[in-house]
Structures are given as C-alpha cells and as structure tokens.
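> Curious how this folds, go ahead:
(chains A and B)
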Amino acid sequence: MAETILEVKDLVKHYPLTQGVLFKKQVGAVKAVDGVSFQLDKGETLGIVGESGCGKSTLAKVLMNLERATAGQVLFKGEDISRLSGAALKSVRRNIQMVFQDPYTSLNPRMTVGDIIGEPFEIHPEVAPKGDRRKAVQDLLDVVGLNPEYINRYPHQFSGGQRQRIGIARGLALKPEIIICDEPVSALDVSVQAQVINLLEQLQGEFDLSYMFIAHDLSIVRHISDRVGVMYLGKIVEIGTDEQIYENATHPYTQALLSAVPVPDPAARESRERIILSGDIPSPANPPSGCRFRTRCWKAEERCAEEIPLLAIPTTLEGPAAHDSACHFAEVRESAAA
Amino acid sequence: MSTAAEAAGREREAPYEGPLLDVRDLHVEFVTRDGVARAVNGVDYSVRAGETLAVLGESGSGKSVTAQAIMGILDTPPARIPRGEIRFRGRDMLKMGKDERRRIRGRRIAMIFQDALSALNPVLSVGFQLGEMFRAHQGASRAEARAKAVELMDRVRIPAAKQRVNDYPHQFSGGMRQRIMIAMALALEPDLIIADEPTTALDVTVQAQVMDLLAELQAEYHMGLILITHDLGVVADVADKIAVMYAGRIVETAPVHDLYARPAHPYTRGLLDSIPRLDQKGQELYAIKGLPPNLLRIPPGCAFNPRCPRAQAVCRGEVPELYPVAEDDGRPLEGRGSACFFWKETLHDR
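As a prediction, this is how the structure comes out:
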C-alpha cells in the first residue's frame, strides 16, 4: 500500500452572499465545494474532471490555502494544513505547488524568466540552493526542456507552450511533493499539448511527484491519471481507477459526460449512443435538494429529491463496477458503445 | 418562416447547381510594424448547399482570417487581400461594391462566433438584437420584429422564449447565449453559415446539445456550413469533408472518413497520432516537435518542414502544391489532396 500524502475530509468552501451596504447580513452562500473527500498517494496522479462551475478550481485553491476552507480538513502527511497560518503555513506550502491554466496571465510580464523561476528561492531561502542561484534556475530551465540561455528573456518572447514550461519550472523550484495542475494544457494548441503532457509525466518519474490534475478534457485526464474523480456542483459524484470510471461508470452524470465527448473517429458517428442532457448546471447558490444531478437525470425518482446519495461503493455491484459512486440507482450502462 | 423571406421581397432562387461558395487562391496579409504577416497564402475551398466543410487548424493557421475575408469583416488596413477570388453563387464578392456585399452579409452568408458573450451587445436585450435583423434588412416594425425574435428563440429551443425575450445577454448561460447566436445567424435564412469555433467555449455536455441543434437546423434549411475548429473530435462528429490548414495554406483535403483512416500529410498524421489513445496509457504521447511558425517569418519551402519527420532537401527548397491523392494503381481518391511531396509514402505509413 502506497503512502498517503494528502487526505481531504469533508472539505467545504462556501462564499457568503450578503445584502445591505452598511449592515451586511448573509442571505445565502455559493456552495462551490460542498463536502469533498479523497486521498492522494505518493507518486500518484489523481485526475479531477467536471464542467465549469462544478468547483474543481475552487477545490484547488482551497488545497493550496489560497482560499480558507469553510469546514473540513486537508491533511498533508497527517497534519491538518487548512487552519495553519504564518510561518507554519509558509513552510507547508513549499511542498504543494501549482501550475495554472493560462500561461499568458500567470507570469509577470515585467519579470525576466530567471526572476520568475528564482522567486520561490527568495520566499523560501531555507531551501534555496546554497551558492549559485542562477545556475539552479538554468538547471530548471534545462529540466523543462528550455534553453538555459533564455534566462534573461521576458515571458512575451515565448510561445504558449514554452510559457507553460516556465510555469512548470517555477512549480518545481522548491522540490515540492505535490503539484496541482489546474487545466495545464487547455490553453495550448493541440500539437503542443502532447509535449507538455509528456514533460509532466517525465518529471513525475524523475522527482517522484504526486499530481492532482484538474481538466475538462476527458481523454487527456485518462491518459495521465491513475485514478479519476468526477465532480458535479461541488461534490464528487464518482471516483475510481481509470478503468472503473471510463469503462464501468455507474453514475448517470459520468455516463452522460463520457458519451458527450466528441470521439475523433468518424466511424463511431452512427454506432455510439449519446446521452444529451437537458438544461444547464443549476446555480451553486441554490442547489437542488437530495441528489444535485436529479434535475438533469433521466433516472431521477422521488427518492432522489429527498435523500442525498452518499459517495460509497454500491452494495449491489461487483467487479470493476464496484467503486465509489454517489447514486441511488448506480449501475453500468448497458449498450455502451464500446 | 417563409413569411420572413416573402416580406423581404426576396424570391427563392432555384437551387444553385455549382458550389455555393468557391474560394480560389485567396491571400490575406496584415501589415504590422515588424513586417508583413502572411496569414493566408493561397487557400482554395468550396461548399455546396447542404454540405458541411470543416476547416481544421491551430491558432495562427489562418482558418479564422479566411472566414473573416469571406464575410468581408476584415479591418483593412491593417489587412489586405492582394490576390484571390471569393465566389458566392458564381460571382466574385471581392469585385462587388460595398452595398452589394452588405446585402449578402447576414442575409445570404451568416456567421456564428466563438465567444457569444462578447459577440452580443451587453446593453441591449437579446430580443432587440434578434429583432434588429428584421428591422434592418426587412424594414419590420418593432412589434413584428419582437414577435419574430420570440419565434426564433423558440426554434433554437430556448425555454420560455416569451418571458426571456427582454432579458440581457448576461442573464443567459453560455449554452443559451450560443443558441441566441445561432438564432441570429438563422434569422434571415441564409444559404451559408460560417461557424467559427462555435462550441469551444462550452462544456462538453452543452457542446453536444449545441452541435446537434446546428446540424439539425442545417439539414432542415439545406444550408451550407463551414465549421472552423481545432477539435478533431467535433470534426469527426459532423463534417462531410475536411480542409486541414497550416501556416495559411491548406495542407490536406479529404472526405471525413478517409482523413481519419489514412491521412496523406505528415501534419495531419501528427495531429491524429497525438490524441491520447487507450492502448498508449502510461506511454509517452506522440508529439509533433517544435512550434507553429511565426507568420512574419514562414520557413521557405514547405512551412511544416522544420517540424516534419519526413523532411528532405526538396521540402526546404520548394513549396509543395496540393497534389491529388491516388491509390497505387493510379485510381484517384475522390476529393483528396495533399500538399506534401511524400504524400504517397505518408498514405502508406500505417
């Protein structure tokens, strides 16, 4: 059994909605993350998929402690880091780094690449290399496949894919144990995406990193992840190994999501059965009672409005279908066009 | 909605036999401070009524600029069109006067943009913006325009259209806004719709809804559709034929099934190979090396040669034209072309 490096228990992040100018009172809350639990093992990649507004990016921010959790725990090697502040938080943060989606806005245009990648050393001098920091930055550039001579260039002199490499080098600077990648390739051209994915995989082997890989592209998530969690409206609705999720999905939302992904194969056009969901994601300020997916679900019954389905292994299922799924009527979809 | 056409006093012509739109040797350049960026360098393609042409390419490949040139919405300057023809029903639109082009734009050729939020005016209600089409092109009264706006919103299946006609764009979700864009494009029953990345900004489940709607309406009105996208999955779902663009040129054309089964250009092949596949789990993904070229400095010869695994001396010296692709026994493959000196070898690669 691999060592668990990060454990998240019942994590909640609510953003209060207030009314009134002088005397603010809370009239509700946007329930961006509402009771999420999972664990991440050393050296593992956990993919998180879901549509916009499902809370996957908020989850990343709470794990990074960029946003304070409303409730719940984030255990890094057994220690709850969600309540830390000051020096204790700073020292723990070194171990969890983040790679952002948009390489055009996540790098300061007025800083050179050397300064950007070297800045973590200024903030954490205790782990900075003794002696030549410039050399260390050049080594990092080399590791991510950029020419070390580019150290004095500015971000605008690089293409999108190269900028994402700079962001990755910055994330690696402090030798973290966990890297949270929030849509790391979705802003890149198709022909460049594969290069960045390969780099991330190669670095994982080299530095024994654990990844949390947040994305909406299901095929890329499948390629890179050991396990995948599917989020809908602030909750994880299904989580399991890639085979369990992609071949044996038991939650209707996962099934709909998978069936909606355009397949790059025109021969599959007729054969596959797509589930077209009606409507849009409800507002997280006012989620449906019971199961949050019931307003768009074709299986929904009265029970779904009354009883919140728990994320657990359904007792009726066996084999690869038996994995955590938050549905009262969880079952593998028959006639899935495999 | 036939009444709409009648009201405009526009007669439905007999179905046009030739291609609705025929682009020939189109060049578009942008004059910038650093030099001339050659965005489109000799593009040919054509679309018939009822047909879907997908134009596939990465950012900077010239796919959107070509569309903007067809619509006549390029800012000139900095853009200029030094060469080429854009024939709509046989007549070159580049030779038409401003007024004549205006009558075609919107009425005969309509466009759907990627980002519906910035394509719609935020301070006008969607009903007003939809109705404006009828008021501007058909002289409809405010009340008539409003009624037609409701009818259009119904057509693209916006729930409770009557109640929502006075809502503003920000009050709609992304998928609903894109439906409004589609409604706007359909308003005057155009012959041809150009959809520029219509679902890129949408989530997959909503993307499926919108693409289905678009395909259904296209069949119903027997329109031509040019779908501009970078997504190989979307293309496989809806296109009849495909034109792959790279650095302002079409590098490969093919019917949709042929392209995926047997690409004849190394760039297309690279794109297809870099899609993560099941049997490659845990292995390195195939990646096209290098970066798309800077349009100010397109490499001499074949623009793809610095990234191409097949490149030879000839690729650096000469620009390949779009060669017809044929089987070994010389049987031509219908609708196929490849701008590669080694299309034959590439075709046999798998």
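> Please give the element, helix or strand, for B:Thr205.
In this assignment (DSSP states H and E), B:Thr205 forms part of helix B:204-221.
> Counting by contacts, list what the next helix or strand after that helix packs against.
Downstream of helix B:204-221, the first helix or strand assigned by DSSP H and E is strand B:224-229. Where contact means 3 or more CB pairs under 8 Å, 6 or more residues apart in numbering or on different chains; DSSP states H and E, strand B:224-229 is packed against strand B:35-47, strand B:52-56, helix B:63-71, strand B:192-196, helix B:232-238. Every residue, glycine included, has its C-beta placed from N, CA and C.
> A:Leu46 and A:Leu66, how far apart?
19 Å (CB to CB, to the nearest Å).
> So for these two, which residue has more residues nearby?
Higher neighbour count among A:Leu46 and A:Leu66: A:Leu46, with 22 against 11, using other CB atoms under 10 Å in any protein chain shown.
> doesn't A:Lys56 make contact with the more buried one?
No: with contact defined as CB atoms under 8 Å, A:Leu46 does not reach A:Lys56; the gap is 11.6 Å.
> which residues of the stretch 51-200 of chain B fall in strands?
Remark: strands assigned in the stretch 51-200 of chain B by DSSP state E, counting those that start in this stretch are B:52-56, B:79-88, B:91-92, B:109-112, B:192-196.
> do chain A as well
Remark: strands of chain A, listed N- to C-terminal, are A:4-19, A:25-41, A:45-49, A:71-76, A:79-80, A:96-99, A:178-182, A:210-215, A:227-232, A:235-241; assignment by DSSP state E.
> And the residue of chain A that's closest to chain B?
Each residue of chain A has a distance to chain B, by CB to the nearest CB, and the smallest belongs to A:Pro262, at 2.9 Å.
> which residues does the nearest residue to that residue once chain neighbours are set aside contact?
Nearest in space to A:Pro262, with sequence neighbours left out and distances taken as CB to CB, 6 or more residues apart in numbering or on different chains, is B:Gly233 at 2.9 Å. With contacts defined as CB atoms under 8 Å, 6 or more residues apart in numbering or on different chains, B:Gly233 is in contact with A:261-264.
> can you redo those residues as TSV with neighbour count?
Formatted as TSV, these follow (neighbours: other CB atoms under 10 Å in any protein chain shown):
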residue	neighbour count
A:Val261	17
A:Pro262	23
A:Val263	19
A:Pro264	19
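> picking up where we left off before, and the residue of chain A closest to chain B, what pLDDT?
According to the per-residue confidence, A:Pro262 scores 80 in pLDDT.
> about what we covered before: adding distance to B:Val31 and mean pLDDT, write the strands of the stretch 51-200 of chain B out as TSV.
Formatted as TSV, those follow (distance: least, CB to CB, whole Å; pLDDT from 0 to 100):
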stretch	distance to B:Val31	mean pLDDT
strand B:52-56	24	92
strand B:79-88	7	90
strand B:91-92	23	88
strand B:109-112	24	90
strand B:192-196	23	91
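> The longest helix belonging to chain A and chain B, any residue contact?
In chain A, ranked by residue count with DSSP state H as the criterion, the top helix is helix A:190-207. Yes: in this structure, helix A:190-207 sits against chain B according to CB under 8 Å from any CB of the partner chain; the contacting residues are A:190-195, A:197-198, A:201-202.
> Tell me the spacing between the residue nearest to A:Pro262 and A:Pro109.
As defined by CB to CB, B:Gly233 lies at a distance of 34 Å from A:Pro109.
> what's the neighbour count on A:Thr316?
Count around A:Thr316 with other CB under 10 Å applied: 11.
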